[in-house]
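I would like to see how this sequence folds:
(one chain, ligands or ions: 1)
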Amino acid sequence: MITDKIKISKFLSLVLRHKPETISLELDENGWADTDFLIQGMLKANYSIDIKVLKDIVSSSDKQRFKFNDDFSKIRANQGHSINVDLKLEQKLPPEILFHGTATKNIDSIKQGGLLKQSRHHVHLSSDRETAKKVGMRYGKPVVLIIEAGKMSSDGIKFYLSENSVWLTENVDIKYIKFE
Ligand code: HQG
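Residues are numbered from 1 along each chain as shown. Alright, predicted model coming up:
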């Protein structure tokens with residue numbers, strides 16, 4: 001049985017954001033999964049999990065990646081999906097500046113085409129530089145880009161803030177990106 005909490009959390013991200021079919025899980029149109037069904041599916045996939053462990057992972061997740069509904073019968077990921085779900089995110093005015101962390105190897109391509117959402121629903125931005133740097137480190141030597149979110153917003157581009165404080169927007173044109 002897999003007991004490592006980080007491994008369990010990564011598997012949760014996989015099934016709640018990208019591939020629920022791995023454990024024959026179904027997400028509803030708003031991304032919610034049935035908690036009992038999720039637990040049963042994860043047990044079959046050899047993850048050591050029960051409602052207590054799941055609650056512990058959800059509450060201790062460094063980025064607050066997951067959320068239960070009020071009676072804990074359903075669970076979903078707060079953001080980061082590649083599958084088609086509608087999180088009913090609220091539009092919100094962004095701060096003047098936001099940050100995006102990426103790897104240096106991506107810079108030439110970003111200078112050509114701007115920031116693209118790739119397989120996810122949105123481009124992910126952070127309000128602090130340190131978080132952006134950590135995001136960038138996942139793919140290699142990190143570089144932090146400065147995004148002129150205030151300008152984008154006054155040009156009519158929409159921003160959303162996920163439940164776990166990630167700023168989300170559509171693709172970012174190069175004219176709004178400062179490369180340091
Ligand atoms: C890059 C984590 C070349 C982009 C984080 C990124 C985040 C380009 C990668 C969340 C490009 C996509 C998402 C272009 C964008 N040319 N590369 N034109 N445009 N890119 O993983 O933002 O830990 O889909 O810079 O905290 O890295 O999973 O997005 O490097 O919030 O909860 O293409 O994942 O959260 O990679 O990360 P991703 P991301 P969790």
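
neighbours of H121, how many?
Counted with other Cβ atoms under 10 Å, the neighbours of H121 add up to 20. From N, CA and C alone the C-beta is placed, and that goes for glycine too.

apart from its chain neighbours, what residue comes closest to it?
H81 (5.8 Å; Cβ to Cβ, 6 or more residues apart in numbering).

quick check: the one you found touching H18?
Yes: using Cβ atoms under 8 Å, H81 is in contact with H18, at 7.2 Å.

if you count what's nearby, which of the two comes out ahead?
H81 (21 against 16).

just give the closest residue to the residue nearest the centre of the chain, not the sequence neighbours.
Closest residue to the average C-alpha location of the chain: G80 at 2.7 Å, with Cα atoms, centre = their mean. Nearest non-adjacent residue to G80, counting by Cβ to Cβ, 6+ apart: R17, 5.0 Å away.

tell me the contacts of I23?
V15, L38, G41, M42, K44, A45 (Cβ atoms under 8 Å, 6 or more residues apart in numbering).

which one (most neighbours) among those?
That'd be M42 among the contacts of I23, by other Cβ under 10 Å, with 23 neighbours.

quick one: it from L12, how far?
8 Å (Cβ to Cβ, to the nearest Å).

related to what we said a few turns ago, now do the SS call for the residue nearest to G80.
helix (DSSP: H, G, I helix; E, B strand; the rest coil).

quick one, grab the pLDDT at it.
Looking at R17, its pLDDT stands at 97.

and for S154?
98.

next, count neighbours for it.
10.

so who does M137 touch?
Counting by Cβ under 8 Å, 6+ apart, M137 has contacts G101.

could you pull out the helices for this protein?
Here the chain has its helices, by DSSP state H, at 5-13, 35-44, 51-60, 107-113, 129-137, 149-154.

quick check: beta-bridge partners of I146?
Per DSSP bridges, residues listed as beta-bridge partners of I146: F99, K178.

right, and the residue nearest to the centre of the chain touches R120 too?
Yes: under the criterion of Cβ under 8 Å, G80 makes contact with R120 at 6.3 Å.

can you list the residues of this protein near the ligand?
Residues of the chain that fall close to the ligand, judged by Cβ under 6 Å from any ligand atom: 13, 63, 65, 80, 102-103, 106, 109-110, 113, 115-116, 118-120, 124, 135, 139, 166.

tell me the domain boundaries of this protein?
Per automatic domain parsing, the domain ranges recorded for the chain read 5-77, 98-178.

what about the first one, start to end distance?
The reference is to domain 5-77. Start-to-end span of domain 5-77 (Cα to Cα, to the nearest Å) is 16 Å.

hmm, back to that, nearest to I174, of the helices of the chain?
Closest to I174 of those is helix 107-113 (Cβ to Cβ; 6.5 Å).

now the closest one: buried residues?
Applying a neighbour-count criterion of 16 or more other Cβ atoms under 10 Å, one finds I110 buried in helix 107-113.

perfect, I'm done here.
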